[in-house]
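> let me see the structure of the following:
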Amino acid sequence: MRNSRSAVLRASAGCAILRALMPILTLQDAELAYGLHPLLDQAGLAVRAGERIGLIGRNGTGKSSLLRVIAGELPLDDGEIRRRDGLTVTLVEQEPVLPEAATLRECLALRGRFEDIRDERLRWGAEARLVEYLHRFGLDEGLCMDAASGGERKRAALALALALEPQLLLLDEPTNHLDIDGITLLEDLLLKGPAAIVITHDRAFLDRVATRIVELDRGLLRSYPGNFAAYERRKAEQLAAEALENRRFDKFWAQEEVWIRKGVEARRTRNAGRVQRLEDLRRERMARRDLVGSVRLTLDAGERSGKLVAELEDVTKSFGERPIVSRLSTRIMRGDRIGVVGPNGAGKTTLLKLILGEIAPDSGTVRLGTNLQVAYFDQMREQLDPERSVADTVSPGSDWVDLASGRKHVVSYLGDFLFPPQRTESPVKMLSGGERNRLLLARLFARPANVLVLDEPTNDLDIDSLELLESTLQDYPGTVLLVSHDRAFLDNVVTQTLAAEGDGTWKEYVGGYSDWLEQRPPRQSSTTSSTGKAGEVPRERSDSLPLPDRPAPTKLSYKESRELEKLPGEIEALESEQRGLTEQMSRSDYHKQGVAKIRADRQRADEIERLLARAYERWAELDAKVTAAR
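Take a look at the predicted model:
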């Protein structure tokens, strides 16, 4: 009886291990196409419990479509998607559509289909969690939906998704509309949450949250263990290897093309195999999908402005009883790169307009410098007329754009911003969010400007475009005023930070976002706006979570550097072995392998789990040292 019971317990433990190893969702040979190019081209993906996958890729590659496929909202053209029995999946779209209701809580109860939860205790628990998460995100459950902003709707959808406690959470650009406090709160919640697949361009977010990066590239899904910093190292190596292989292939193909043109010799029977091989090479070359081009940015600073750009002395501005700026005195000089940070509703956009002289202060003085040529990137994209064509938006009434390097045809110029020729005559209203961002950049950069004002320029830009914009701004000799919630972008661009301290107080700090974190006063309270609009009263967050302490800078030793370089490869090898073992143990005839084989496989499966946990822990420890030492 005892032996029988022990056998049952061992079998149960084995089943638990097998279930932990098996993916909760598998995508196999997936195909999905819109137009000529496939978004998914025999793509494969396996998602395991507890994973936090950062899904990245160029704009338009099909990331959002992939999430809809996984959520069951969009069918595949071909291939297979398998979900674990009973798997619960929740998707938060980039721009969530919420049902009509009187209050925010009623609206979310409808979206979450709380009425379908039969068990009263379960329904009560879901409602209680919803209220808790609404408060965490600084939202009033009784908010009238007619007055809700886009930012409030996004935060509400996130609160509902977390309250539903799905086994797999799908998030499409969740950091859009969130301020930095909101982003760090979401990071903290995801670190304790379920498995997740997140589309985001926020590199700091990916570095802290992601356990694996999956890149959608030319129809294929490529997996990289670790966070974004680890991905960048592995991706650079992969692209170099791919370029080398393509050069070798093209050289061989060109030699064969020269041979076939010799004519008679190529048509001899004894060379029929070589002719067939050339045909195969041609088909392979035609099928190869090369890297999508990159945005090409050039900034013309025009004539130099005066040494002084703007001077504010005891400037005060309020909306109603809410102070936005209180007795601010500051001086902005030519060449300054100033980042403006603060919670939603702190008045960052209002502050920019005061500096530019677009609105008058209630008291105090604003003095502008001489010869200012200002280019303004508006986060609401109000400068874009939805009825005008793309080409006419950039160069009204002309086919040419006058640049510092000379005249350029508008179609060619727009090609630098990844607009194909047939897209240049499309109306602006037909463009996606990413395309509108690129169009606004194209419009701004088509004119000389010695003062560049960027209000949330990173929304909807893919990571490649972000990094190129960073590089362009670093080389720009003019003055930059930047509002952004992208922490990595701020660190890489600005040299001074103007931060909201609450009650209309703004204070200057040397350096970027990370420098501000180190210099700001301890126990600084954080607020999250209920609207996300400048000038409106923010509500206090009931549970503001602090940012993690930054580790003391410690440089890696040579041995540690070598270890860090090897870890991603070791992790990838272990995960590959784990996948093979899982597939083997999942076969219907696996029980025929015998007790010894099954026991050995289970022991190896346990060992792989321990090795992976140890490798990820060590990788995180070493990578944290690298980040802290920068």
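> neighbours of the residue lying closest to Ala196 once chain neighbours are set aside, just the number please.
The shortest distance from Ala196 to any non-neighbouring residue, by Cβ to Cβ, 6 or more residues apart in numbering, is to Leu169 (4.3 Å). The way it works is simple: take the backbone N, C-alpha and C, and place the C-beta from them, glycine included. Using other Cβ atoms under 10 Å, Leu169 is surrounded by 25 other residues.
> same question for Ile117.
Ile117 has 15 neighbours, counted by other Cβ under 10 Å.
> let me see the contact set for Ser395.
Counting by Cβ atoms under 8 Å, 6 or more residues apart in numbering, Ser395 touches 401, 410, 413, 446.
> any idea what the residue nearest to Ala196 is bridged to?
Beta-bridge partners of Leu169, counted by DSSP bridges, are Thr90, Ala196.
> so which residues of the stretch 301-450 of the chain form helices?
With helices called from DSSP state H, counting those that start in this stretch, the stretch 301-450 of the chain shows them at 348-355, 390-394, 410-415, 433-445.
> buried stuff in stretch 573-582?
Of the residues in stretch 573-582, those buried under the neighbour-count criterion (16 or more other Cβ atoms under 10 Å) are 574-575, 578, 581-582.
> taking those one by one, which sit in helices?
Among those, the subset assigned to helices under DSSP state H consists of 574-575, 578, 581-582.
> got a markdown table for those residues, with distance to Asp601 and pLDDT too?
A markdown table is the format used below for those (distance: Cβ to Cβ, whole Å; pLDDT from 0 to 100):
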| residue | distance to Asp601 | pLDDT |
| --- | --- | --- |
| Leu574 | 15 | 84 |
| Glu575 | 16 | 80 |
| Gln578 | 11 | 81 |
| Leu581 | 6 | 79 |
| Thr582 | 10 | 74 |
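> so which of those comes closest to Leu220?
Lowest distance from Leu220 to these (Cβ to Cβ) belongs to Glu575, with 17.5 Å.
> check contacts around the nearest residue to the closest one once chain neighbours are set aside.
Once flanking residues are discounted, Glu575 sits nearest to Pro225: 6.4 Å by Cβ to Cβ, 6+ apart. Applying Cβ under 8 Å, 6+ apart to Pro225 gives the contacts 211-212, 568, 571-572, 575, 616.
> distance to Phe489 for those residues - can I get that in a markdown table?
Shown next, in a markdown table, are the contacts of Pro225 (distance: Cβ to Cβ, whole Å):
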| residue | distance to Phe489 |
| --- | --- |
| Thr211 | 23 |
| Arg212 | 23 |
| Pro568 | 25 |
| Ile571 | 28 |
| Glu572 | 29 |
| Glu575 | 31 |
| Tyr616 | 27 |
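> just put those in CSV and tack on distance to Leu473 and secondary structure.
Formatted as CSV, the entries for the contacts of Pro225 read as follows, by distance: Cβ to Cβ, whole Å; DSSP: H, G, I helix; E, B strand; the rest coil:
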residue, distance to Leu473, secondary structure
Thr211, 31, coil
Arg212, 31, strand
Pro568, 30, helix
Ile571, 35, helix
Glu572, 35, helix
Glu575, 38, helix
Tyr616, 35, helix
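> out of the helices and strands in the protein, which is least certain?
Within the chain, judged by mean pLDDT, DSSP states H and E, the helix or strand with the poorest mean is strand 538-540; its value is a mean of 37.
> part of a strand, is Leu39?
Yes: the assignment for Leu39 is a strand, going by DSSP: H, G, I helix; E, B strand; the rest coil.
> show me the contacts for it.
For Leu39, the set of contacting residues under the criterion of Cβ under 8 Å, 6+ apart consists of 32-33, 61-62, 65-66, 216, 219.
> please redo it, this time with the cut-off set to 10 Å
Leu39 makes contact with 30-33, 57, 60-66, 69, 77, 216, 218-219 under the criterion Cβ atoms under 10 Å, 6 or more residues apart in numbering.
> list the contacts for the residue nearest to it when sequence neighbours are not counted?
Leaving out its chain neighbours, the residue that sits closest to Leu39 by Cβ to Cβ, 6+ apart is Gly62, at 2.9 Å. Under the criterion of Cβ under 10 Å, 6+ apart, the contact list for Gly62 reads 32-34, 37-41, 43, 68-69, 216, 219.
> may I see the PyMOL selection of the buried members of those residues?
The PyMOL command for the buried members of these (criterion: 16+ other Cβ under 10 Å) is given here:
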select buried, resi 32+38+39+40+41+43+68+69+216+219
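> can you lay out the contacts of Gly62 as JSON lines showing distance to Val390?
Formatted as JSON lines, the entries for the contacts of Gly62 read as follows, by distance: Cβ to Cβ, whole Å:
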{"residue": "Leu32", "distance to Val390": "27"}
{"residue": "Ala33", "distance to Val390": "24"}
{"residue": "Tyr34", "distance to Val390": "20"}
{"residue": "His37", "distance to Val390": "20"}
{"residue": "Pro38", "distance to Val390": "25"}
{"residue": "Leu39", "distance to Val390": "23"}
{"residue": "Leu40", "distance to Val390": "28"}
{"residue": "Asp41", "distance to Val390": "28"}
{"residue": "Ala43", "distance to Val390": "31"}
{"residue": "Arg68", "distance to Val390": "27"}
{"residue": "Val69", "distance to Val390": "30"}
{"residue": "Leu216", "distance to Val390": "25"}
{"residue": "Gly219", "distance to Val390": "26"}
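> and which of the contacts of Gly62 is nearest to Leu185?
When those are compared for distance to Leu185 (Cβ to Cβ), Arg68 comes out closest, at 26.2 Å.
> name the nearest of the buried residues of stretch 573-582 relative to Ala148.
Minimum distance to Ala148 across those is 42.4 Å, recorded for Glu575 (Cβ to Cβ).
> between the two ends of stretch 443-458, how far is it?
Length of stretch 443-458, first residue to last, Cα to Cα, to the nearest Å: 16 Å.
> so which bits of that stretch are buried?
443-446, 448-458.
> quick check, nearest of the residues you listed to Ser465?
Within the set of these, Thr458 lies nearest Ser465; the separation is 9.1 Å, counting by Cβ to Cβ.
> quick one: closest of the helices of the stretch 301-450 of the chain to Glu165.
Using Cβ to Cβ and comparing the helices of the stretch 301-450 of the chain, the one that lies nearest Glu165 is helix 433-445, at 29.6 Å.
> verify the stated contact: the residue nearest to Ala196 with Ala163.
No: counting by Cβ atoms under 10 Å, Leu169 stays clear of Ala163, with 11.4 Å between them.
> what's the overlap in contacts for those two?
Shared between the contact lists of Leu169 and Ala163 (criterion: Cβ under 10 Å, 6+ apart) are residues Thr90.
> filter the contacts of Leu39 down to the ones in helices?
Under the assignment DSSP H, the contacts of Leu39 contribute 63-66, 69 to helices.
> for Gly182, find the nearest of the helices of the stretch 301-450 of the chain.
Of all the helices of the stretch 301-450 of the chain, it is helix 348-355 that lies closest to Gly182, at 14.1 Å by Cβ to Cβ.
> just checking, what packs against that closest one?
In this structure, helix 348-355 makes packing contacts with strand 308-319, strand 322-333, strand 337-341, strand 363-368, strand 451-455, strand 479-483, strand 496-502, judged by 3 or more Cβ pairs under 10 Å, 6 or more residues apart in numbering; DSSP states H and E.
> dump those to TSV, plus distance to Trp124 and mean pLDDT.
Shown next, in TSV, are those (distance: least, Cβ to Cβ, whole Å; pLDDT from 0 to 100):
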stretch	distance to Trp124	mean pLDDT
strand 308-319	40	93
strand 322-333	37	93
strand 337-341	40	94
strand 363-368	52	94
strand 451-455	43	90
strand 479-483	42	93
strand 496-502	37	93
